[in-house]
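>>> Everything below, folded, please.
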Amino acid sequence: MGEIDYAELGKRIKRIRGEKKISQEKLAEMIDVSIPHMSNIENGKTKFSLQVLVDVADALNTTPDVLLLGQMKSQDRTHCMVTEEIDRELAGCTMAQMTLIEEVVRNMKKVLVQYDRKMKQKDDEK
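Purely as a prediction, here's the structure:
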């Protein structure tokens, strides 16, 4: 991969932070750095630790590789978007509700796997 392009990395952090509607001040607070340090990170004026990168990725609900590389495969992007939406829907659920939802998801996945097998068999018979 070579040298890390901190300017591009900072631009990606700023863009994703904006998409998530998180202020620079809030992100700095979330990852426990000063606001000037966060500004320097986003402007590519400072190098920062791997731990800060991981903390930023966690705070922005993304992955360090997306921040570093600036891309995500379409399938990974879809998975990430679906996961984020599920997280939003689960916010505020009780433990009993979470347990029921987990059971429903597990059973739905079994049904979908069975359906996929049947469809594949039909395709193979053609």
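>>> Would you mark the buried spots in the longest helix seen in the chain?
Among the segments of the chain that qualify as a helix by DSSP state H, the longest is helix 95-125. Along helix 95-125, not one residue counts as buried under the neighbour rule (16 or more other Cβ atoms under 10 Å). Heads up, the C-betas are built off the backbone N, CA and C, glycines and all.
>>> cool, and stretch 12-26?
Across stretch 12-26, burial judged by 16+ other Cβ under 10 Å covers 12-14, 16-17, 22, 24.
>>> cool, stretch 39-50 as well?
Within stretch 39-50, the residues that qualify as buried by neighbour count (16+ other Cβ under 10 Å) are 39-42, 44, 48.
>>> Okay, now the unreliable bits of the chain?
Applying pLDDT under 70 to the chain picks out residues 1-2, 71-77.
>>> per-domain residue ranges of it.
In the domain annotation for the chain, the residue ranges read 6-69, 94-126 (automatic domain parsing).
>>> coming back round to it: format the buried residues of stretch 39-50 as CSV; extra columns: secondary structure and distance to Asp123.
What follows is the buried residues of stretch 39-50, written out as CSV (DSSP: H, G, I helix; E, B strand; the rest coil; distance: Cβ to Cβ, whole Å):
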residue, secondary structure, distance to Asp123
Ser39, helix, 55
Asn40, helix, 55
Ile41, helix, 50
Glu42, helix, 49
Gly44, coil, 50
Phe48, coil, 50
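>>> Make CSV from those residues and add distance to Val56 to it.
Formatted as CSV, the entries for the buried residues of stretch 39-50 read as follows, by distance: Cβ to Cβ, whole Å:
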residue, distance to Val56
Ser39, 13
Asn40, 13
Ile41, 8
Glu42, 10
Gly44, 14
Phe48, 9
